[in-house]
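Q: structure for the following, please:
(chains A and B)
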There are 2 protein chains.
Amino acid sequence: MASFSVPAGDRGLAFGDGIFRTLSVRNGRALNWSWHYRRLRADCETLRLPIPDERTLVGEIALVAPASAIVKITVTRGVAGRGYGIPDGGGGSRIVAAHPVAAYHPALARDGVIVRRCELVLSQQPRLAGAKTLNRLENVLARSEWSEPTIAEGLLGDADGHVIEGTMSNVFVVRQGVVDTPDLSRSGVVGAQRERVRELLQLAAGVECRVRDITWADVEQADEVFLTNSIIGAWPVASLGEQRWKPGPVTRRVQALIAEGDASP
Amino acid sequence: MASFSVPAGDRGLAFGDGIFRTLSVRNGRALNWSWHYRRLRADCETLRLPIPDERTLVGEIALVAPASAIVKITVTRGVAGRGYGIPDGGGGSRIVAAHPVAAYHPALARDGVIVRRCELVLSQQPRLAGAKTLNRLENVLARSEWSEPTIAEGLLGDADGHVIEGTMSNVFVVRQGVVDTPDLSRSGVVGAQRERVRELLQLAAGVECRVRDITWADVEQADEVFLTNSIIGAWPVASLGEQRWKPGPVTRRVQALIAEGDASP
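A: As a prediction, this is how the structure comes out:
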């Protein structure tokens, strides 16, 4: 059930001991739900959290978002005493909350976005990488590096010189028709939209999408760069530092495939 | 004021966007308070959180813990909308909660504790290292590596082969009268008790305590190893893997200095 407060002793607050997903609900339908639930389940497994029942979650989403909204699902280990040890048989807790639909200007998806390279260097923790846990201070610090409203996103890299993700998005680079997206096995968050785009590229567009280490030079040399998340869909990157791009055919195809999927049940 | 719940939209829960301290209150007095407040202030500065007023905090501690208790102070950035960006002029929120005094068996401080080496390797994030933030999933994962009640603590290292800390404690190694404690500028949490012990060693015992990189071999070759936090005081390490130690003179001196400080106003 939707809730307005959580107990002060919840481990989600105490340690960030939990995970979350953010998704778009349009006319009562949770877009890309199958990937959201798959990622939620995977992230619960990473933290060995009880996995919420899918039908229960779907019912709760319908309850808090009968029309259109952004819905955030948070799963925590629930209340326990002090100390890091995981208590036996903890039931966990769950928050399903609706927020107003984000009003991004259509020009962002049409003309592309201005992106900066963040100074913060992401840490590497293979035991947590990929999961959208409640430990998100790196994203908070990175997002606080700029306040210019013209800059839509910041790109983050790791200490090995690899590009990992945006503060709130995943990144794809296109070169000579091949699409690459960063390996997220040491840092970063696997977005549900990233997984869907990988699937769409392969199944619907017959385009290979490789998951591999991507350097800043790879980004510089790309023909197209685009960002994805469940709220923005796909944004072409128009500039990063000195680099400029025009929205390219692969990005447009991805946008069309996402729009198509979002429109059909 | 003490509170039983926090709003579901608090950024402490959403992102672990906050910090905490855990301290002992004995007969209405917060032990080692000056170091706790100094560390709390430093950690708020790391995250650019509003710093709670010291007298207000002291009053709140007295309210929730009039006699003896463990008090946990949590400071978060408070409620804000979705998204990682830090809102302007957010007031932050604060939880001051009392828990029952922990009942550790006196044999642990007397004879020493059995410690294991954790498999989890701590990540490195200089921008957050040292601060006791609400992003503590590494500690949760590390503490879940064992369930044997005979094992009191797990030691954690980083990917460079350095020993950093225990899951809930700081570590000191003694060799030929010199005391070392790990550099926590890339990983780990600076405990208030660690800072106090460093100060006590220098001022009261005239013993040099260096902060530097410590390898697992340094620990193996140590004459004494001990662990500190604000609840346990100082525990001698009796064993780590194949290694065995008897509580040594420096550890005993540290325990006596802590007890002396805790007993005097």
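
Q: for the rest of this, base every contact and every neighbour count on C-alpha atoms.
A: Noted.

Q: so which bits of the stretch 51-200 of chain A are right by chain B?
A: A:82, A:84-86, A:95, A:99, A:120-125, A:127, A:134-137, A:139-141, A:143-144, A:167-168 (Cα under 8 Å from any Cα of the partner chain).

Q: which of the residues you listed count as buried?
A: The neighbour-count test (16 or more other Cα atoms under 10 Å in any protein chain shown) marks A:84-86, A:95, A:120-125, A:127, A:134-137, A:139-141, A:143, A:167-168 as buried among these.

Q: among the residues you listed, which are in helices?
A: Among those, the ones falling in helices (DSSP state H) are A:137, A:139-141, A:143.

Q: any idea which of these is closest to B:A152?
A: When these are ranked by distance to B:A152 (Cα to Cα), A:L137 comes first, at 29.2 Å.

Q: out of the ones in helices among the buried ones among the residues of the stretch 51-200 of chain A next to chain B, who's nearest A:V178?
A: A:N139 (28.6 Å).

Q: for A:A192, which residues are in contact?
A: A:32, A:35-36, A:39, A:229-230 (Cα atoms under 8 Å, 6 or more residues apart in numbering or on different chains).

Q: again, only using 7 Å
A: A:35-36, A:39, A:230 (Cα atoms under 7 Å, 6 or more residues apart in numbering or on different chains).

Q: now for these: which two are most distant?
A: Largest pairwise distance in the contacts of A:A192, by Cα to Cα, is 12.5 Å, between A:R39 and A:S230.

Q: which elements pack onto whichever strand or helix holds A:T251?
A: Following DSSP states H and E, one finds A:T251 within helix A:249-263. Applying 3 or more Cα pairs under 7 Å, 6 or more residues apart in numbering or on different chains; DSSP states H and E, we find helix A:249-263 packed against strand A:233-240.

Q: can you list contacts of the strand it packs on?
A: For strand A:233-240, contacts defined as Cα under 7 Å, 6+ apart pick out A:108-109, A:112-116, A:225-228, A:244-247, A:251, A:255, A:258.

Q: and it, how far from the chain's centre?
A: Mean C-alpha position of strand A:233-240 versus that of the full chain (Cα atoms, centre = their mean, to the nearest Å) differs by 15 Å.

Q: same check, this time on stretch A:76-96
A: Distance, stretch centre to chain centre, for stretch A:76-96: 24 Å (Cα atoms, centre = their mean).

Q: ok, A:I86 touching B:W146?
A: No - look at A:I86 against B:W146 with Cα atoms under 7 Å: they stay out of range, at 10.4 Å.

Q: now for chain A, the helix or strand with the poorest mean pLDDT.
A: With mean pLDDT, DSSP states H and E as the measure, the helix or strand of chain A carrying the lowest mean pLDDT is strand A:5-7 (a mean of 88).

Q: contacts for whichever helix or strand comes after that one next, please.
A: With elements assigned by DSSP H and E, the helix or strand that comes after strand A:5-7 is helix A:11-15. The contact list for helix A:11-15, computed with Cα under 7 Å, 6+ apart, reads A:17-18, A:76-80, B:12-13, B:16, B:134-137.

Q: stretch A:60-80 now?
A: By Cα under 7 Å, 6+ apart, stretch A:60-80 touches A:1-2, A:9-12, A:17-28, A:49, A:87, A:90-101.

Q: what does stretch A:169-180 give?
A: A:165, A:181, A:191, A:194, A:207-212, A:219, A:222-229.

Q: keep only those of the residues you listed that are in helices.
A: Assignment to helices by DSSP H places the following of these there: A:194, A:219.

Q: please, a PyMOL command that selects the buried ones among the contacts of stretch A:169-180?
A: Buried residues among these (16+ other Cα under 10 Å), as a PyMOL selection:
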select buried, chain A and resi 165+181+191+194+207+209+210+219+222+223+224+225+226+227+228+229
